[in-house]
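Participant: One predicted model, sequence on top.
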Amino acid sequence: MHLYGAARECRLDEFHEHALDLTRRILHFDSAAVIKAAPKASGDVAILSMHNYRQPIEKLHDRTQLTGPDPTLSKALRQPGRCLSDELHLLDRKKHGDIIRYARKYDVAYSLVLVAPADEARGIDLISLWRAPRSRHYGQAGDRLGDLVLPHLFMARQINEQMRLADAAAAGRTSALLITDVNGCLRFVDPHAITWLQKEWPQWSPPMLPPALLESAIRSGTGRWTGRTVCAQFTVHGSALYIRLRDKPTGTHLTPAERAVARMAARGASYKAIAAELGVSPATVRNHLHQVYAKLAVPGKAALAHRLGRLLDADDPFQA
């Protein structure tokens, strides 16, 4: 199937868009969201990450203002593994007036929801498909077709994540990955990344990136940021922002290799020149230099040179 081919070929940030394009040919929806969530005591879910498909980010913001749980989602949570649909304009206005107004605002008349069978290690996987008033309702035929098609999307998603994260898993848990769209909405988040971010911002919760981190990512000319407890490295792939988090080093002592790289970089030497001088690869130089930046809490070579100048006559922090 094309879906499983996409799982093997696409980057993490590309997979859902391509998978939903393929799925839309069969289920004929107008907009969708693929969500990773955690259960809440209220019977609703806390969204950890979300891929929005053909819908504005404002829809997610407004969703958080609803006073009660989504009735379709609530039913789907009680019957995992089964697609359930609703005609939103037919909901009880006294019980679900806010849902009806929300659906009208975003031109949604029909919803189809599938919650994957529970997996404590992975959290809750769910997908919501929406049709506008011009489209016909799903009904039992739509539910049955969703039962056949959508579990494959979840399986392909799992394959995609396993393949793309295999290298990180082999390297251990020294860092954690998260991916956002241009608005800062998390498309993918490693659970360890949530732990790190909540150490830095105790009041923060997904699915939107902490505003301070998103602003730093947009403005950073170096691709790095250092906070009180964590360090971040930013990489842009198309319309997606990849953020690699790690603990901020507790000390400023550098190893001899880091010290040598730091001194040459502070004088303006390139990765290639430093690598040739020290007999190592440019990638090794880059890794050492990123560690130096993190330990000394500096954003780049200019700040590093200034910091070294101030420290030369002080207690040498570069001794291992």
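Facilitator: Perfect, I can see it now.
Participant: for residue 244, phi and psi?
Facilitator: When quoted as degrees, to the nearest 10, the phi and psi of residue 244 stand at phi -110, psi 120.
Participant: Hmm, residue 176 and it touching each other?
Facilitator: Yes: with contacts counted by Cβ atoms under 8 Å, residue 244 reaches residue 176, the gap being 7.4 Å. Backbone N, C-alpha and C define where each C-beta goes, glycine included.
Participant: Looking at these two, which is more packed in?
Facilitator: Neighbours were counted for residue 244 and for residue 176 using other Cβ atoms under 10 Å; residue 176 has more, 21 against 18.
Participant: give the contact list for residue 207.
Facilitator: 47, 48, 49, 50, 60, 185, 186, 189 (Cβ atoms under 8 Å, 6 or more residues apart in numbering).
Participant: how about a cut-off of 6 Å?
Facilitator: 47, 49, 50, 185, 186 (Cβ atoms under 6 Å, 6 or more residues apart in numbering).
Participant: Could you work out the most separated pair of the residues you listed?
Facilitator: 47 and 185 (9.5 Å; Cβ to Cβ).
Participant: mind listing the strands for the stretch 151-300 of the chain?
Facilitator: All strands of the stretch 151-300 of the chain, identified by DSSP state E, counting those that start in this stretch, fall at 176-180, 186-189, 224-226, 230-237, 240-247.
Participant: Pick out the shakiest of the ones you listed, pLDDT-wise.
Facilitator: Here the lowest mean pLDDT among the strands of the stretch 151-300 of the chain goes to strand 224-226, at a mean of 82.
Participant: Name every strand pairing with that strand and say which way it goes.
Facilitator: strand 230-237 (antiparallel) (DSSP bridges).
Participant: Can you mark which positions in stretch 38-53 are buried?
Facilitator: 44, 45, 47, 48, 49, 50, 51, 52, 53 (16 or more other Cβ atoms under 10 Å).
Participant: Which pLDDT value goes with the last one?
Facilitator: Listed pLDDT for residue 53 reads 95.
Participant: same thing with residue 35?
Facilitator: 93.
Participant: still on that earlier bit, need the strands of the stretch 151-300 of the chain in CSV (columns: distance to residue 29).
Facilitator: Listed next are the strands of the stretch 151-300 of the chain as CSV, based on distance: least, Cβ to Cβ, whole Å:
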stretch, distance to residue 29
strand 176-180, 23
strand 186-189, 19
strand 224-226, 38
strand 230-237, 26
strand 240-247, 23
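Participant: what about those, which gets the closest to residue 130?
Facilitator: Once the strands of the stretch 151-300 of the chain are compared by Cβ to Cβ, strand 186-189 is nearest, at 18.7 Å.
Participant: Return the list of helices and strands in contact with the closest one.
Facilitator: Contact here means 3 or more Cβ pairs under 6 Å, 6 or more residues apart in numbering; DSSP states H and E; on that basis strand 186-189 packs against strand 45-53, strand 176-180.
Participant: make it 10 Å
Facilitator: helix 12-27, strand 31-39, strand 45-53, helix 139-164, strand 176-180, helix 191-200, strand 240-247 (3 or more Cβ pairs under 10 Å, 6 or more residues apart in numbering; DSSP states H and E).
Participant: how about JSON lines for the ones you listed, with distance to residue 290 added?
Facilitator: Output for the helices and strands packed on strand 186-189, formatted as JSON lines (distance: least, Cβ to Cβ, whole Å):
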{"stretch": "helix 12-27", "distance to residue 290": "22"}
{"stretch": "strand 31-39", "distance to residue 290": "29"}
{"stretch": "strand 45-53", "distance to residue 290": "26"}
{"stretch": "helix 139-164", "distance to residue 290": "22"}
{"stretch": "strand 176-180", "distance to residue 290": "16"}
{"stretch": "helix 191-200", "distance to residue 290": "17"}
{"stretch": "strand 240-247", "distance to residue 290": "10"}
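Participant: Can you say which of those is nearest to residue 223?
Facilitator: It's strand 240-247; of the helices and strands packed on strand 186-189, that one is closest to residue 223 (Cβ to Cβ) at 10.0 Å.
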